[in-house]
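Student: Below: sequence and its predicted model.
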Amino acid sequence: MIRLLRAPFRPVTYSRWLHLCVPVLLLALWMFINPRAPWMPLLIVIPFGFVPWVRLAEGLQAQFLLTPQDRGDEDGLIGTAASARWADRWRTVLWLEIRLVVAGAAMFATVWLPVQAIELIAIAFGHPLGSDLAVPFTPPRWAAALLVPVPLLLLVLIVVLLGELITTIARRLLGPSAAERLTALEARTEQLLERTRIARELHDSIGHALTVAVVQAGAARAAGDPEFTDRALSAIEETGRAALEDLERVLLVLRESAQPPSQRPTLMEADRLLESARASGAEVDARLTGPLEKLPGPVTREGYRILQEALTNVLRHCGPVPVRVRVDMAAGRLELEVTNPLPERPSVTRGGGSGLRGMRERAALLGGEAETGLHEGGWRVCARLPLERIP
């Protein structure tokens, strides 16, 4: 009831009214040609329903006039695509038929009910009328004056109800099919996964560079040695340049979404991570064995990021402590382990973050696993990535 009372003040009521009146142009044109066959337009529109772009035009018109409030909604229920299959064409034909019938009812009410209101006004003022009246009976003058608003209110009610009806039908017949909804959902899921991957790339790359820069700057200030300061600045410059290259790769993917993410760092470039950690003061004992150049692309790229995040966490939370790195190619899998002791007084304040969760997610996406936690009095990151079970 509240919606009906608010309907005359909502713009969508009048845009739907306009949508209901548009097909009447075809009906009116045909009535000039052959008024004895008013049903003929129902047959005329059938061939048009099989034209693919007619569905596109009907979808755009329905979206603009029936659901203007949903135009910015990516999940809009009225499609704006041409017919791709015969099922879409038959649904378009059914839509055109129903639209003509509902439009005829709306136009009848739009013409007939205002005529009744005018006749009631004439009766109320005592003007003589002919015998062919729209009102079903001739009321007294005082009753006619009281009944004048009734046809107009009834017209608004009919327009609102027919507008709701045609909108519901449009969403059913012009909306995407179940297969199209599934395809759109899969595309959106892929987009969200890609955004998550890009966010993780930025977190790992930029986070590592900033951590190295902070540790190096703090160590240089504490050392007070010009030679050490020069080495620290060189390490900061090299790490920053590498981070800028990673940032440029990520931004390139964002600017050119059609381009697949490629040329990202791999474990073949792990030396720069190890050297960056050594330049920050950490004693890195690294051993990388096996034909790393033969690793599948997803494994070597995600392995690089897991190693990067592990070293970043060591520098961020423990400072320049001894680090043990092992990267081995076992039977059918890549094993990556990073261990370090936990100092009694960490040189860098501990803080929360999503790095540990990100490592586990990277491993899980490849069908592997990553374990992080205390181990023999220290901290260990252990990742196992299968070489064959790649999604």
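Tutor: Received the coordinates, thanks. In this text, all values refer to a predicted model and were calculated from it rather than measured experimentally.
Student: and residue 384, which of the three is it?
Tutor: When classified by DSSP: H, G, I helix; E, B strand; the rest coil, residue 384 comes out as strand.
Student: All the strands of the stretch 51-200 of the chain, residue numbers only.
Tutor: Along the stretch 51-200 of the chain, counting by DSSP state E, counting those that start in this stretch, no stretch forms strands.
Student: mind listing the strands for the stretch 201-350 of the chain?
Tutor: Under the criterion DSSP E, counting those that start in this stretch, the stretch 201-350 of the chain contains strands at 284-288, 323-330, 333-341.
Student: now residue 188: how far from residue 195?
Tutor: Distance of residue 188 to residue 195, given as Cβ to Cβ, to the nearest Å: 11 Å. Every C-beta, even on glycine, is put in place using the N, C-alpha and C of the backbone.
Student: same thing with residue 93?
Tutor: Residue 93 is 40 Å from residue 195, by Cβ to Cβ.
Student: Which residues are in contact with the residue nearest to residue 121 when sequence neighbours are not counted?
Tutor: Using Cβ to Cβ, 6 or more residues apart in numbering and skipping the chain neighbours, the partner closest in space to residue 121 is residue 148 (5.7 Å). By Cβ atoms under 8 Å, 6 or more residues apart in numbering, residue 148 lies in contact with 117, 120-121, 124.
Student: do residue 362 as well
Tutor: 200, 302, 305-306, 370.
Student: ditto for residue 24
Tutor: 103-104, 106-107.
Student: For those residues, pick the one with the most neighbours.
Tutor: Tallying neighbours with other Cβ atoms under 10 Å puts residue 106 at the head of the contacts of residue 24, with 25 neighbours.
Student: Surely it and residue 21 touch.
Tutor: Yes - under the criterion of Cβ atoms under 8 Å, residue 106 makes contact with residue 21 at 6.8 Å.
Student: if I look at residue 164, how far off is residue 7?
Tutor: 10 Å.
Student: same deal with residue 98?
Tutor: 22 Å.
Student: cool, residue 68 as well?
Tutor: From residue 68 to residue 7 the distance is 15 Å (Cβ to Cβ).
Student: Which ones among the contacts of residue 24 lie within helices?
Tutor: Counting by DSSP state H, the contacts of residue 24 place 103-104, 106-107 in helices.
Student: Pipe these into JSON lines and attach distance to residue 45 and pLDDT per row.
Tutor: Listed next are those as JSON lines, based on distance: Cβ to Cβ, whole Å; pLDDT from 0 to 100:
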{"residue": "103", "distance to residue 45": "11", "pLDDT": "91"}
{"residue": "104", "distance to residue 45": "13", "pLDDT": "89"}
{"residue": "106", "distance to residue 45": "17", "pLDDT": "91"}
{"residue": "107", "distance to residue 45": "16", "pLDDT": "89"}
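Student: May I see the buried residues of stretch 24-36?
Tutor: 24, 27, 30 (16 or more other Cβ atoms under 10 Å).
Student: and the last one, what does it touch?
Tutor: Put plainly, it is residue 30. Here residue 30 is in contact with 37-38, 40-41, 44 (Cβ under 8 Å, 6+ apart).
Student: low-confidence ranges in the stretch 101-250 of the chain?
Tutor: Filtered on pLDDT under 70, the stretch 101-250 of the chain yields the residue ranges 128-132, 177-187, 189-194, 197, 201, 204-205, 208, 245-246, 248-250.
Student: how about the helices in it?
Tutor: 141-147, 149-173, 178-223, 226-255 (DSSP state H, counting those that start in this stretch).
Student: How many residues are close by residue 147?
Tutor: For residue 147, the count of nearby residues is 17 (other Cβ under 10 Å).
Student: Correct me if wrong: it contacts residue 123.
Tutor: No - Residue 147 is beyond contact range of residue 123, at 9.0 Å (criterion: Cβ under 8 Å).
Student: okay, and the common contacts of these two?
Tutor: Shared contacts of residue 147 and residue 123, defined by Cβ under 8 Å, 6+ apart, are found at residue 139.
Student: I'd assumed residue 77 was in contact with residue 59.
Tutor: No - with contact defined as Cβ under 8 Å, residue 59 and residue 77 do not form a contacting pair (10.6 Å).
Student: Name the residue in the two with the higher neighbour count.
Tutor: Remark: of residue 59 and residue 77, residue 59 carries more neighbours, 23 against 17, as counted by other Cβ under 10 Å.
Student: Leaving out the residues flanking it, which one is nearest to the more buried one?
Tutor: Using Cβ to Cβ, 6+ apart and skipping the chain neighbours, the partner closest in space to residue 59 is residue 80 (4.4 Å).
Student: How many neighbouring residues does the one you found have?
Tutor: 17.
Student: just residue 265 next, same as before
Tutor: 22.
Student: do residue 136 as well
Tutor: Neighbours of residue 136 (other Cβ under 10 Å): 7.
Student: what's the spacing between it and residue 124?
Tutor: Using Cβ to Cβ, one gets 17 Å for the distance from residue 136 to residue 124.
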